[in-house]
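Visitor: Sequence first, predicted coordinates after that:
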Amino acid sequence: MSSELHDILQEQSENISSINREAEEESKGTQFLSFDVGGEEFAVNILSVQEIRGWDNPTFLPNAPVYIKGVLNLRGTIVPVMDLRNRFSFKNAQYSDTTVVVILKTKNGEKERLMGCVVDGVSDVFNFQESNISEVPDYGSGIDSRFTAGVMTVDDHAVTLLELSNLLSLDLIKHPYTGASHG
Amino acid sequence: MEIDLSQFHAVFFEESFEGLDVMEQELLNLEEDTDLENVNTIFRAAHSIKGGSATFGFNQVAEFTHVMETLLDEMREGKREITREIIDLLLKSVDCLRGMLNKLQDGDDVNNDYVELVDYFNQLLSNESSDDKQNTPNQNSEEPLSVSNKDDDNSNGGYSIKFVPENYILQTGNEPVRMFKELEGLGTLTVKADLTKVPNFVELDPELCFVSWDMQLDSQESEADIRAVFEWVDDDCLLEVKQLNNSSSNESEKTSDNAKATVSEINSEASTQTKAQTEPLVADSKKLVPIKKEKEAVKSTNKSTSSASIRVGIDKVDTLIDLVGELVITQSMLGELGENFDVSKLEQLVAGLRELESNTRELQESVMRIRMLPIGFVFNRMPRMVRDLSAQLGKNIDLIIKGEDTELDKTVMEQIGDPLTHLVRNAIDHGIESNQQRADNNKQGVGKITLDAYHQGGNIIIEIEDNGGGINPDIIYAKAVEKGLIEEGVEIPEEQIIGLIMEPGFSTAEVVSDVSGRGVGLDVVKRNINNLGGSVDISSVVGRGTKFTIRLPLTLAILDGQLIRCANEIYVIPLASIVESIPLAGIKLTKIAGNMPVYKNGNEYIPIVDLRDEFDIKTEKQSTNEGLIAIVEGENRKIAIKIDELLGQQQVVIKSLESHYKCIQGVSGATILGDGRVSLILDIVGLSRRSADRATAVREKVA
């Protein structure tokens, strides 16, 4: 009985140390979260991710552009939701079981703002040296070049790093009737 | 021990400003009724400001209040007649102190404005002292002012001593009689023995002392000297030595010292200055009024950004604690129920949940009540302003304040102060006619301005009424045509014409005075009030007066809402704005002016807003006679919103849409419903405006 327990403990401690080794190896560089949008892989710095939620129909916002799906309740805070597939002009945005909303935050001056981003699924968390990020070839991409910050090659495939300050910028969201509501 | 005094600064400033408000108010009361109690109140307020500022090292403030106090002291003792000049001077001093404290609060240095006033005070005091000399020649010329000083000496002489020895005092070899003899050597002594504790003779232990003594000692000696007599028995008795003065000995000593200091100061100045100086001072003070006012306005805006604390009555806090206690009990009850639940306990669970609901609701209400303050805080600014302005304009005006206990949210109150001040100024300047005009029009009595506040539904109503000349719609109409706001010949109902005076760029005053009439103002008032979610109505009768009615929500954080469904969306309409709702099936919709759908209600045509079109809600078209219309009103404009279903009414907590997104015209915010979903709150005014704009745009496109 006790020797059995001992073996299990032994095994587990080996596992833990191997995890630690892995973590040590990966601790070089910055951590990124990658997700799938319309079959392509995109990434954001993991520190800008507030949380990940399952997809649920948000509350419709009047006259919103097609990529603004509405607002959701994040424990009492009203957070707008943007569908990245619409934002990047991808066709056939479907909502499935793996569709998730990644709540991203940006700092705008002193104020921190939140925005939910609809993606087809979360892929991976990986480390990458920021110095190895290459520029996005400026070559007639369907995505507004202001939204991308660079390309990373992870395990032989390309991951596009998103420029959140522009992607989430309210100035770039065209919403009619946003004049002063009072006055 | 070093104590960081700066941590108490905020409290000091808060209390001092309160003290200044009290002083101002009492000074104004003093004008009508020279009650000594008023003077005492003012004196006390000034005294605590003096004490506080000296403690915190704001010496200029202390110095200044000290001079004020000297004058007040004379008033208190009836040595100085209370005249309008003196009240003017004291009011100016209150302003000056407020300025100094504001500067100190912002961390700036005090400038030397106050020195001027101190000089005036000194002149006034020295004049009086020379008068004193004439009136009472027998008085010692060295100290014409220091009657208070002498009083102090007299009262210094009396001590009341209570001596209660432990019963074993005699066994320690101490003899009370000897001590009394020693005391007698210090002054005249009266001793009274208290025999109430002495037991029956049978139970009496002759070696114990059961007697205690009350003594009155008339003496010039200090308290320490008296205590020295009892030095040997200090630990074996209860000893109280009290001065027979009304206030504490320290205080009176301080005042007398200070008084002496000023006396010498005054005397030196009296030799150089003559008493004819009081006249120019009064003239000056009048000239200064408008400038002072503007400064004040600037300051008050500074203040509103910095003040963040709130004073709450202890009863409100107690209620909260009680409620939280109940909540905890309910919670533990429910928790226990959940531990081992079976269906038989269902009824108990339902009852528990009901209790939880009522607890929560009460708790919410009490928390909101903490933010509520009586509107008197704002109203109390007015008497001073009315007094100064009416004097400046040469009008006789009475101000009547009612309903000052009506409570409203602190945020609302902070923002209503300036618009209200503006409206009262306006009433004084334009509303009430000049004395001459009133006489010409055979109007009886003085001008009267009435401020009133009361609750009505979920709103607070504030009324500003004057019995002045009223607003002549013909003049407004002509002016509006002249300014190009309306076209000549267009028929407009009278109340709408009067409403035009709140449009930007509209001033009907013939002459721009420095009080008002620049045409900025009423529109700002209106905008501020609208920003608070309120509205202003004007009613006026030519020759009889004008009444402004301000309607404000009680709080900005919670709203009584009507939930409605349109397509699959649920919206909240502020309950206060709903006039009525009518099923579409029973009414006939008309189209006028091209293709604008309207609902004809009596003589008025109310435009219909379909949220599906207005908000681009994607859904299949509904048939035209399904659902109903809700007639809503905002800023005197009615619109009918086409909706599918009326759902329940409930209080909703207003959340900002702007903190993470943009503000959308027609939507004032969002809230979270019971099921956790977000629902948008409709902004009626914005909605009616944008639908009107949209209609115009469509028309232009067609044209």
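Guide: Structure's in. What do you need? What you see is a predicted model, and the numbers here were worked out from it, not measured in a lab.
Visitor: give me every residue that touches the residue of chain A found nearest chain B.
Guide: The minimum distance from chain A to chain B, using C-beta to the nearest C-beta, falls at residue A:62 (3.5 Å). (C-beta placed from N, C-alpha, C; glycine too.) Residue A:62 is in contact with A:177, B:614-617, B:664, B:666-667, B:680, counting by C-beta atoms under 8 Å, 6 or more residues apart in numbering or on different chains.
Visitor: Now do the phi/psi pair for it.
Guide: Note on residue A:62: backbone dihedrals following degrees, to the nearest 10 are phi -60, psi 140.
Visitor: ok, now how distant is it from residue A:173?
Guide: 14 Å (C-beta to C-beta, to the nearest Å).
Visitor: mind showing which ranges of chain A have poor pLDDT?
Guide: Across chain A, the ranges flagged by pLDDT under 70 are A:1-5, A:13-27, A:110, A:139-141, A:178-183.
Visitor: Who are the contact partners of the closest residue to chain A within chain B?
Guide: Using C-beta to the nearest C-beta, the closest approach of chain B to chain A is made by residue B:615 at 3.5 Å. Contacts of residue B:615 were listed using C-beta under 8 Å, 6+ apart, and they are A:60, A:62-63, B:569, B:666.
Visitor: how about a cut-off of 7 Å?
Guide: Residue B:615 is in contact with A:62-63, counting by C-beta atoms under 7 Å, 6 or more residues apart in numbering or on different chains.
Visitor: again, but for residue B:208
Guide: Counting by C-beta under 7 Å, 6+ apart, the residues that residue B:208 touches are B:167-168.
Visitor: and with 10 Å instead?
Guide: Counting by C-beta atoms under 10 Å, 6 or more residues apart in numbering or on different chains, residue B:208 touches B:166-171, B:198-199.
Visitor: who wins for neighbours among those?
Guide: Counting neighbours by other C-beta atoms under 10 Å in any protein chain shown, the top entry in these is residue B:169, with 19 neighbours.
Visitor: pLDDT score for the closest residue to that residue other than its chain neighbours?
Guide: Once flanking residues are discounted, residue B:169 sits nearest to residue B:209: 5.0 Å by C-beta to C-beta, 6 or more residues apart in numbering or on different chains. Turning to residue B:209, the model gives it a pLDDT of 80.
Visitor: Within its local environment, how many residues does residue 82 see?
Guide: No chain specified, so I'll use chain A. Counted with other C-beta under 10 Å, the burial measure for residue A:82 works out to 21 neighbours.
Visitor: Oops, wrong one, chain B.
Guide: Other residues near residue B:82 come to 18 when the count uses other C-beta under 10 Å.
Visitor: Ok, residue B:238 next?
Guide: 10.
Visitor: Got the phi and psi for it?
Guide: Backbone dihedrals for residue B:238, given as degrees, to the nearest 10, come out at phi -110, psi 120.
Visitor: same check, this time on the one 4 residues further on
Guide: Backbone torsions for residue B:242, taken as degrees, to the nearest 10, come to phi -120, psi 140.
Visitor: Identify the bridge partners of it.
Guide: Beta-bridge pairing of residue B:242 under DSSP bridges involves residue B:160.
Visitor: show me what contacts the nearest residue to residue B:466 once chain neighbours are set aside?
Guide: Sequence neighbours aside, residue B:431 is the residue nearest to residue B:466 in space, at 3.8 Å (criterion: C-beta to C-beta, 6+ apart). Neighbouring residues of residue B:431 by C-beta under 10 Å, 6+ apart: B:397, B:423-425, B:447, B:449, B:464-471, B:540, B:545-548.
Visitor: mind running it again at 8 Å?
Guide: When contacts are counted by C-beta under 8 Å, 6+ apart, residue B:431 touches B:447, B:449, B:466, B:468-469, B:545-546.
Visitor: same question, residue B:221
Guide: Under the criterion of C-beta under 8 Å, 6+ apart, the contact list for residue B:221 reads B:186-187.
Visitor: how close does it sit to residue B:645?
Guide: Noted for residue B:221: a distance of 90 Å to residue B:645, by C-beta to C-beta.
Visitor: Quick one: the strands in chain A, in order.
Guide: Counting by DSSP state E, chain A has these strands, from start to end: A:30-37, A:40-45, A:49-54, A:68-74, A:77-83, A:100-108, A:111-119, A:121-128, A:148-154, A:157-162.
Visitor: how about those strands in a markdown table, adding distance to chain B?
Guide: A markdown table is the format used below for those (distance: least, C-beta to the nearest C-beta, whole Å):
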| stretch | distance to chain B |
| --- | --- |
| strand A:30-37 | 20 |
| strand A:40-45 | 17 |
| strand A:49-54 | 11 |
| strand A:68-74 | 5 |
| strand A:77-83 | 4 |
| strand A:100-108 | 9 |
| strand A:111-119 | 5 |
| strand A:121-128 | 22 |
| strand A:148-154 | 22 |
| strand A:157-162 | 18 |
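Visitor: how many other residues sit next to residue 59?
Guide: Picked chain A for this. 22.
Visitor: wrong chain, I was asking about chain B
Guide: Counted by other C-beta under 10 Å, the residues lying close to residue B:59 total 11.
Visitor: For it, which residues are in contact?
Guide: Applying C-beta under 8 Å, 6+ apart, one finds that residue B:59 lies in contact with residue B:53.
Visitor: picking up where we left off before, confirm the residue nearest to residue B:169 sits in a strand?
Guide: No - read with DSSP: H, G, I helix; E, B strand; the rest coil, residue B:209 is coil and lies in no strand.
Visitor: That one reaches residue B:172, doesn't it?
Guide: No - Residue B:209 is not in contact with residue B:172 according to C-beta atoms under 8 Å; the separation is 10.3 Å.
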